[in-house]
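S.K.: give me a model of this one.
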Amino acid sequence: MAWRPTEYLIEGELDNTKAGKVTGWMRFTGIKGKVIFDLQGDFHRDIRGGRIHFKGPAKFKKLMAETYMESFARHQTGKSGDMTAGYEPADYVSGYCYLEWYGNDNGRVVIELEQDKVEIISEPLPAECCEPISRQQQEQNMFEFMQELAHEFSNGFKHSS
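M.R.: Numbers count the residues shown, from 1 in each chain. Got it, this is the predicted structure:
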């Protein structure tokens, strides 16, 4: 249901210093160079308005990584989902980093990391100045993703007859 490339993540940096935009990069085992991010949306209140750097477990199973990451878009565009380091105020999860987005090319992608793998490198906005991310909007993002999956499945099924 979701693309989960956490085990191949080497490191990355995401930036939400411009309201309504999440930009940055990630490096993965199995992909040469950086994957670039240009998403619509915001981080959750614990890191909104800031920049984060993170490191993944980067399991170096090169052949498996190359196979798994082969069709992963090198330029991720779409909508940010729940993006939090899991600090207070914990609007979504507490105690760990959860990075989710709905990519135009890869659909829903989720990366989950321990908090000690995340560094806040630019001060986020004060949480009390920010509204929580709309759960209704996040549900709408998931609904649109599921609709697209159903549409693709339906078209694929019709074509294989």
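S.K.: surely A150 is in a strand?
M.R.: No - going by DSSP: H, G, I helix; E, B strand; the rest coil, the assignment for A150 is helix, not a strand.
S.K.: how far away is it from Y92?
M.R.: Distance of A150 to Y92, given as CB to CB, to the nearest Å: 25 Å. C-beta here means a position set from N, CA and C on the backbone, and glycine is covered the same way.
S.K.: the more surrounded of these two?
M.R.: Set side by side, A150 and Y92 show more neighbours around Y92, with 18 against 10, by other CB atoms under 10 Å.
S.K.: and the residue lying closest to that one once chain neighbours are set aside, what are its phi and psi?
M.R.: Distances taken as CB to CB, 6 or more residues apart in numbering place D82 nearest to Y92, at 4.6 Å, with adjacent residues excluded. Torsion angles at D82 (phi, psi; degrees, to the nearest 10) stand at phi -80, psi 120.
S.K.: with E128 instead?
M.R.: Phi and psi for E128, reported as degrees, to the nearest 10, are phi -70, psi -10.
S.K.: what's the burial count for it?
M.R.: If we define neighbours as other CB under 10 Å, then E128 has 7 of them.
S.K.: gap between it and T17?
M.R.: Between E128 and T17 the distance is 19 Å, computed by CB to CB.
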